[in-house]
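Visitor: What would the 3D arrangement of this be:
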Amino acid sequence: MSDISDRKVMSIALLGAVAISFAPIFYMFSGVNPVTGAFFRMFYALPLLFIIVIIFSKNDNRTKKTRLIAFSAGLLMAPDMLAYFSAMKFIGVGIATLIGNSQVIIVTIVSWKLFGEKPNPAILFSLPVVLFGLFLISGISDANAFGTNPVKGVIFGIAAAIFYSTFLVIFRFSNRELAPAANVQLDATLGAALGLFVLGFMPLSSISIAPINFEFIWPGHGWIIILALTCQVAGWIAIAFALPRLPAAHTSFAVLLQPILSLIWGVILLSENPSIKQTIGIFLVLLSIMAVTIFGTVEDRKNTPSEIS
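Guide: Here you go, the predicted structure:
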């Protein structure tokens, strides 16, 4: 791929990251509960995705197995979205988004333990730093911590990061044939909608998750429609297009833009005001994610260094 093409693809990835950075803002404006917001985010996106696929996407050469992989990635997006939206309710948009995007740290730990991929010093140094940052964000030792329940917020955020990391790996793998991005996004969104529909009827009140609410509330659902069209459709089509066409390091850097912007939008648009300790924790986690994204490499069993995705 030429340098010019690389720049164009990177620009598309960055535009996608900017679009999805507004997702938590639109959700908080809606006022609906987490599983309701997450499900209707997918539900309202489906008609437009179907139209785009029918009109514009003609050359989908993927096998049924590959399409099933994209659908399976969407199933994993379901608990990711539910945990992410729940975290926002307890600890705010900016912090929840930052913790959810610490998936790069989780991928490193899992790869180390399961695949014997030894991290370099930059990664090893970042791991205890991010853990200490999460401790500060949780507000356990902070009487002035921001959020209705920072500890629950951190727990849900970590759960979101675990599911998000798995989703990203499978989602990237699901489009090796470089099929039209809208087709891949449609399959993943169908999987997520089904997963969230099932989760919406499960008895999860013991972990502070209310059941799905099918009542059409205005303007709440208006904000979810905006979220679906700008983030789930436009934003994620852009990212689905860029993921298989960019080196892993470039993709990680583009995705890293989202939590930074969401932090800014949370302060400006929602007047979120983390405590001093939480702010220190935010910077520690952010710096750790940046360090792993930019400087992190692993050494596999054949002693061949590779970049973190």
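
Visitor: Could you tell me the average pLDDT over stretch 200-212, please?
Guide: On average, the pLDDT along stretch 200-212 is 89.

Visitor: distance between the ends of it?
Guide: Using CA to CA, to the nearest Å, the span of stretch 200-212 from its first residue to its last is 5 Å.

Visitor: Any idea how far the helix or strand Leu98 falls within is from the middle of the chain?
Guide: Using DSSP states H and E, the secondary-structure element containing Leu98 is helix 93-100. Centroid displacement of helix 93-100 relative to its chain, using CA atoms, centre = their mean, to the nearest Å, is 10 Å.

Visitor: and Ser174, how many residues sit next to it?
Guide: Here the number of neighbours of Ser174 (other CB atoms under 10 Å) works out to 26. To be clear about C-beta, it is placed using only N, CA and C from the backbone, and glycine gets the same treatment.

Visitor: My understanding was that it contacts Gly191; is that so?
Guide: No: between Ser174 and Gly191 no contact is recorded; they are 10.2 Å apart, counting by CB atoms under 8 Å.

Visitor: Common neighbours of those two, please.
Guide: Taking CB atoms under 8 Å, 6 or more residues apart in numbering as the contact criterion, the common neighbours of Ser174 and Gly191 are Ala70, Ser72, Ala73.

Visitor: Dump those residues to CSV, plus neighbour count.
Guide: As requested, those are exported to CSV (neighbours: other CB atoms under 10 Å):
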residue, neighbour count
Ala70, 25
Ser72, 18
Ala73, 24
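
Visitor: Out of those, the closest to Pro203 would be?
Guide: Minimum separation from Pro203 among the shared contacts of Ser174 and Gly191 (CB to CB) is found for Ser72, which lies at 24.7 Å.

Visitor: quick one, what contacts that closest one?
Guide: With contacts defined as CB under 8 Å, 6+ apart, Ser72 is in contact with Ile170, Ser174, Gly191.

Visitor: just Trp236 next, same as before
Guide: By CB under 8 Å, 6+ apart, the contact set of Trp236 is Gly16, Ile20, Gln185, Ala188, Thr189.

Visitor: now the third one, what's its secondary structure?
Guide: Secondary structure, DSSP: H, G, I helix; E, B strand; the rest coil: Gln185 is helix.

Visitor: neighbours around it, how many?
Guide: There are 28 residues near Gln185, going by other CB under 10 Å.

Visitor: Start at 446, not 1
Guide: In the new count, where the first residue is 446, that last one comes out as Gln630.

Visitor: pretty sure it contacts Leu494?
Guide: Yes: if you go by CB under 8 Å, Gln630 and Leu494 touch, sitting 6.2 Å apart.

Visitor: okay, and the common contacts of those two?
Guide: Overlap between the neighbourhoods of Gln630 and Leu494 consists of Val678, taking contacts as CB under 8 Å, 6+ apart.

Visitor: so where's this structure uncertain?
Guide: Counting by pLDDT under 70, the chain contains low-confidence ranges at 446-449, 451, 502-503, 549, 552-563, 620-624, 692-698, 738-754.

Visitor: Nearest the geometric middle of it, what residue?
Guide: Ranked by distance to the mean C-alpha position of the chain (CA atoms, centre = their mean), the top residue is Tyr609 at 5.3 Å.

Visitor: That one and Phe661, how far apart?
Guide: Applying CB to CB, to the nearest Å, one obtains 29 Å for the distance of Tyr609 from Phe661.

Visitor: now do Ala626
Guide: Noted for Ala626: a distance of 30 Å to Phe661, by CB to CB.

Visitor: Repeat that for Leu635.
Guide: Here the criterion is CB to CB. By it, Leu635 lies 22 Å from Phe661.

Visitor: More neighbours: which of these two?
Guide: Using other CB under 10 Å, the more surrounded residue of Leu635 and Phe661 is Leu635, with 20 against 8.

Visitor: list the buried ones in the helix or strand containing that one?
Guide: Element membership of Leu635, judged by DSSP H and E, is helix 626-644. Going by neighbour count (16 or more other CB atoms under 10 Å), the buried part of helix 626-644 is 626-641, 644.
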